[in-house]
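J.: Based on what follows, work out the 3D shape:
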Amino acid sequence: MTRTDPTSKRIHLTRHAQAEHNVDNDYTIADAPLTELGRKQSRELNEMTKNGVQKTAELLVSSPLRRPMETMLLGYPNLKERLDKAGKPVILLDTLQEVGPYPCDTPTSPISALSSSNNGIFSSLDFSTLSPTYASKKGIYAPERGSERARLVRKWLRDRDEGEIVVVAHGDILRYIVDGGQSSRPWGNAESKVFTFVSASDEDAKLKQVDDKVAPPDSTDEQTSSEMAK
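T.: Numbering: from 1, shown residues only. Presented below is the predicted three-dimensional model:
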């Protein structure tokens, strides 16, 4: 694969669909799963993208928490199937996990429990990419290192050869990735926005938005855990 100029890349950053902690404003729910509405939002996302980015994207990446993984499975199923057949399975990127220290933002562990959760819907995913400390909220995963972690994600995306990448993650970490820290940028549940890189070599691998958002008809605008905790 020929490496794409970073300033020509299309990075589709997608927030997970509605999850239980969003509805209850309860950040103590461990690795909060999607609600029934969240699953509906994800299926709507699929309808809106199946004839577009799902036919053209070259990589699918997800945070290793249950809500983005289920959003990914329901929202981008054709893309996942196509890439699986091409030998490019979903990459679970532990640095994409949500910023906060709360139970809702901490991945299920150990990996065996994460793989078998949600009635086994994640069992076919490749968890070998996760660090042994992926669920520790320590080191690079510590909340106070959110900006640093977001920078690592941007550089990782910029260094990939693929020209079009779909990323499914969380509201706060997406703001850190795009804005360098916590911001007021709105990001609805199951909403996706398209970005590219400002340059091929700047130290921070800054992004800029290049296309309108895609948001399902039932997209909701619940608070992220950092907003709930204020």
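J.: For the residue nearest the centre of the chain, report the pLDDT, please.
T.: For the chain, Ala169 is the residue whose C-alpha lies nearest the centre (Cα atoms, centre = their mean; 1.8 Å). Listed pLDDT for Ala169 reads 98.
J.: How much space separates it from Lys85?
T.: 25 Å (Cβ to Cβ, to the nearest Å). All C-beta spots, glycine's among them, are computed from the backbone N, C-alpha and C.
J.: same check, this time on Asn119
T.: For Asn119, the distance to Lys85 - Cβ to Cβ - is 25 Å.
J.: Next: Ser115.
T.: Separation of Ser115 from Lys85 (Cβ to Cβ) stands at 22 Å.
J.: Listing partners with orientation, what would you give for the longest strand belonging to the chain?
T.: Ranked by number of residues, the top strand in the chain under DSSP state E is strand 207-214. Here strand 207-214 is paired, per DSSP bridges, with strand 192-197 (antiparallel).
J.: tell me the mean pLDDT over the strand it pairs with?
T.: Mean predicted confidence for strand 192-197 is 97.
J.: quick one: contacts of that strand?
T.: Outside strand 192-197, the residues that touch it by Cβ atoms under 8 Å, 6 or more residues apart in numbering are 6-15, 45, 49, 154, 158, 166, 178, 187, 205-215.
J.: now the strands: where do they sit in this protein?
T.: Under DSSP E, the chain gives strands at 10-15, 59-62, 91-92, 164-169, 192-197, 207-214.
J.: and those, which one is worst for confidence?
T.: Minimum mean pLDDT among these: strand 207-214, a mean of 91.
J.: okay, it in CSV with CA atoms only?
T.: What follows is strand 207-214, C-alpha atoms only, in CSV (Å, rounded to 0.1, in the frame of the first residue of the first chain):
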residue,chain,number,x,y,z
LEU,A,207,-6.4,18.0,12.7
LYS,A,208,-9.0,20.2,10.9
GLN,A,209,-12.5,19.4,9.9
VAL,A,210,-13.1,18.9,6.2
ASP,A,211,-16.6,17.7,5.8
ASP,A,212,-20.1,18.0,7.4
LYS,A,213,-21.1,15.7,10.2
VAL,A,214,-23.2,12.5,9.7
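J.: hmm, back to that, Ser147: which of the strands of the chain is closest?
T.: Between Ser147 and the strands of the chain, the tightest spacing by Cβ to Cβ is seen for strand 207-214, at 13.7 Å.
J.: give me the low-pLDDT residue ranges for this protein?
T.: Low-confidence segments of the chain (pLDDT under 70): 1, 226-230.
J.: possible to save the strands of the chain as JSON lines with distance to Glu36?
T.: Shown next, in JSON lines, are these (distance: least, Cβ to Cβ, whole Å):
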{"stretch": "strand 10-15", "distance to Glu36": "18"}
{"stretch": "strand 59-62", "distance to Glu36": "21"}
{"stretch": "strand 91-92", "distance to Glu36": "24"}
{"stretch": "strand 164-169", "distance to Glu36": "19"}
{"stretch": "strand 192-197", "distance to Glu36": "21"}
{"stretch": "strand 207-214", "distance to Glu36": "21"}
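J.: can you tell which of the ones you listed is closest to Ala135?
T.: strand 91-92 (12.3 Å).
J.: so who does the residue nearest to Arg154 when sequence neighbours are not counted touch?
T.: Residue nearest to Arg154 in three dimensions, not counting chain neighbours: Ala205, with 3.8 Å by Cβ to Cβ, 6 or more residues apart in numbering. Contact analysis of Ala205 by Cβ under 8 Å, 6+ apart lists Pro6, Arg151, Arg154, Lys155, Leu157, Arg158, Phe197.
J.: Now that we have those residues, which of them are buried?
T.: Pro6, Arg151, Arg154, Leu157, Arg158, Phe197 (16 or more other Cβ atoms under 10 Å).
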